[in-house]
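sequence and predicted structure, then a few things I'm wondering about:
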Amino acid sequence: MKDKIFIFLIIFLSVPGFSKINMRVSAKSAILINSKTGQVLFEKNKDVKRPCASLTKIASALVILDKVQSLEGEVVCNPVCLKKMPKKQKMEKKYDVDPYLLEPDGMSYGIYNGEILSVKDLFYGMFLRSANDAANVLAYHFSNGHIDKFVFEMNKFVSNLGCQNTTFYNPHGLHFPGHGTTASDLALMAREAVKDPRLMEVASAEFYHRPKTNKQPAMTLWATNKLLRRGELHYHKAKGLKTGYVENAGFCFVGFAEDDSRSLISVLLGCKNSATAFKETKRLFEAAFNESKTAQKLYNAQESVFSKHIKGAKSELKACLKKDVFISFYPSEKDSIKPEIVWYEKSLPINKGDKVGHILILSEDEKHYYLAAPLYSVTAVEMKKPVYLKLLTFLAIVLVILAGLRYGAKILKKMLQLKFS
């Protein structure tokens with residue numbers, strides 16, 4: 001019979017001696033997470049909603065890549081995508097305008113009405129150059145001519161990721177009242193982004209050669225992410241992601257870096273200039289990468305015995321570990337843990353040394369799995385005799401006794417008869 005898990009014993013343990021990364025940053029909001037586990041290593045106002053500028057394009061890219069297998073195909077630019085209005089005029093109209101309208105001084109690909117570009121060229125333009133017109137053209141193309149429909153899909157997509165405080169009104173990030181997100185939500189979007197090799201190929205590029213089109217000559221795009229480019233701000237562990245700036249948002253940056261030990265995502269919102277955003281990102285990354293793992297013993301194999309009552313058994317099941325149980329962790333990542341003792345359903349009898357369960361080590365919120373340590377029976381556990389068998393045994397003994405008494409009475413009677421005859 002195959003073993004089945006059927007009961008959990010939950011214990012809460014708190015592992016002392018750890019703390020988040022202790023650092024000051026000038027960004028208005030910030031977060032640093034482990035990209036694989038989602039564990040938060042550093043935070044500052046992480047759940048405060050703020051304008052996010054071109055970091056919006058991370059969500060736009062995710063929606064596009066969710067629709068296609070590759071970036072092949074061509075797009076003809078519709079004039080709707082290129083409509084512009086100065087920010088001052090938008091403000092005078094109290095933003096009673098289409099939210100996707102471009103601004104003359106915003107980041108641009110210089111796209112012309114009727115220009116034919118590949119989806120790949122537009123994607124690089126949107127993400128690497130942070131071109132707002134490229135974002136509009138892609139949104140228009142992938143929503144059958146309805147940019148507002150594309151934005152609806154963006155909001156739905158990030159909501160499904162778990163983002164709880166994000167509202168987008170356009171695909172590019174130019175200021176519009178209510179358009180914004182949080183550092184926490186952007187970290188969720190970035191975690192999704194780094195899983196897609198198509199997106200990361202673009203996000204990690206230092207430059208891109210765009211071929212000529214029917215309206216423009218060939219050109220070279222350079223990444224706005226200075227951590228990827230040779231120079232003072234270059235960071236050798238950087239692997240992408242996205243920059244952003246509008247006056248209302250300040251300088252914003254989502255970074256991704258990894259070494260042999262960990263993959264990390266940082267989000268900084270509201271920095272005073274781009275250099276500050278890049279430098280503070282590097283400081284956060286290095287503080288995390290410079291940590292050494294530490295280990296802590298949770299259970300001593302010689303001292304830890306776990307017991308369980310089994311119906312129908314002569315004795316209680318007692319189980320032990322064969323090895324001490326340790327967990328290892330980076331100081332900034334360790335949280336309270338929740339070991340669960342998981343017993344298997346076993347048929348009686350149980351032999352000494354049988355595997356009867358395991359201890360599952362999880363984080364308290366059950367989002368992170370650490371290890372499973374097997375449990376083995378300390379002694380054999382026999383089946384208790386059923387009550388009816390005991391009754392039958394008792395009756396058999398009584399019958400034997402009665403039969404013996406009856407037989408003895410007959411012998412005694414015969415002896416008396418012989419004596420008096």
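Structure's in. What do you need?

which stretches of the protein have low pLDDT?
1-19, 335-336, 364-365, 385-394, 407-409, 411-413, 415-421 (pLDDT under 70).

what residues are up against the residue nearest to Ala203 when sequence neighbours are not counted?
Distances taken as CB to CB, 6 or more residues apart in numbering place Gly240 nearest to Ala203, at 3.2 Å, with adjacent residues excluded. The way it works is simple: take the backbone N, C-alpha and C, and place the C-beta from them, glycine included. Listed by CB atoms under 8 Å, 6 or more residues apart in numbering, the contact partners of Gly240 are Ala193, Val194, Met200, Ala203, Ser204, Asn225, Leu228, Gly255, Phe256.

go again using 6 Å as the cut-off
Contact analysis of Gly240 by CB atoms under 6 Å, 6 or more residues apart in numbering lists Met200, Ala203, Ser204, Phe256.

now swap in Asn155 and tell me
Phe168.

one step back: who wins for most neighbours among the contacts of Gly240?
Neighbour counts for the contacts of Gly240 (other CB atoms under 10 Å) peak at Phe256, which has 26 neighbours.

ok, now which ones touch that one?
Shown in contact with Phe256 (CB under 6 Å, 6+ apart): Val194, Lys239, Gly240, Leu241, Ile265.

tell me the SS of the last one?
Going back to what we said before, that points to Ile265. Following DSSP: H, G, I helix; E, B strand; the rest coil, we place Ile265 in the strand state.

who's it bridged to?
Ile33, Phe256 (DSSP bridges).

before we move on, the earlier item: quick check: the residue nearest to Ala203 vs Ala287, distance?
20 Å (CB to CB, to the nearest Å).

how about the strands in the stretch 51-200 of the chain?
Per DSSP state E, counting those that start in this stretch, the stretch 51-200 of the chain carries strands over the ranges 74-76, 116-118.

so which residues of the protein form helices?
For the chain, the helices defined by DSSP state H occupy 56-67, 87-92, 119-127, 132-141, 147-161, 183-193, 197-203, 274-289, 387-419.

deepest of these, which one?
Comparing the helices of the chain by mean neighbour count (mean count of other CB atoms under 10 Å), helix 132-141 comes out on top with a mean of 28.

and the angle from that helix to helix 119-127?
Interaxial angle of helix 132-141 relative to helix 119-127 (axes from the mean of the first three to the mean of the last three CA atoms, to 10 degrees): 130 degrees.

surely Ser143 and Phe152 touch.
No - taking contacts as CB atoms under 6 Å, Ser143 lies outside contact range of Phe152: 8.6 Å.

for the contacts of Phe256, which one is nearest Lys20?
Ile265 (15.2 Å; CB to CB).

so the closest one is in contact with Thr37, correct?
No - under the criterion of CB under 6 Å, Ile265 is not in contact with Thr37, lying 11.1 Å apart.

the two: which has the busier surroundings?
More neighbours surround Ile265 than the other of Ile265 and Thr37, with 28 against 15 (other CB under 10 Å).

residue contacts, that one?
Counting by CB under 6 Å, 6+ apart, Ile265 has contacts Ile33, Ser35, Ala187, Ala190, Phe256.

let's see it at 8 Å
By CB under 8 Å, 6+ apart, the contact set of Ile265 is Leu32, Ile33, Ser35, Ala187, Ala190, Arg191, Val194, Leu241, Val254, Gly255, Phe256.

format those residues as a markdown table; extra columns: distance to Ile359.
Formatted as a markdown table, these follow (distance: CB to CB, whole Å):
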| residue | distance to Ile359 |
| --- | --- |
| Leu32 | 31 |
| Ile33 | 27 |
| Ser35 | 28 |
| Ala187 | 31 |
| Ala190 | 34 |
| Arg191 | 29 |
| Val194 | 32 |
| Leu241 | 38 |
| Val254 | 38 |
| Gly255 | 37 |
| Phe256 | 35 |
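
Pro86: which of those residues is nearest?
So of those, ranked by how close each gets to Pro86 (CB to CB), first place is Val254, at 28.1 Å.

run a quick neighbour tally on that closest one.
Neighbour tally, Val254, other CB under 10 Å: 28.

now it. Nearest residue, chain neighbours left out?
In this structure, Val254 finds its nearest non-sequential neighbour in Leu241, 4.6 Å apart by CB to CB, 6+ apart.
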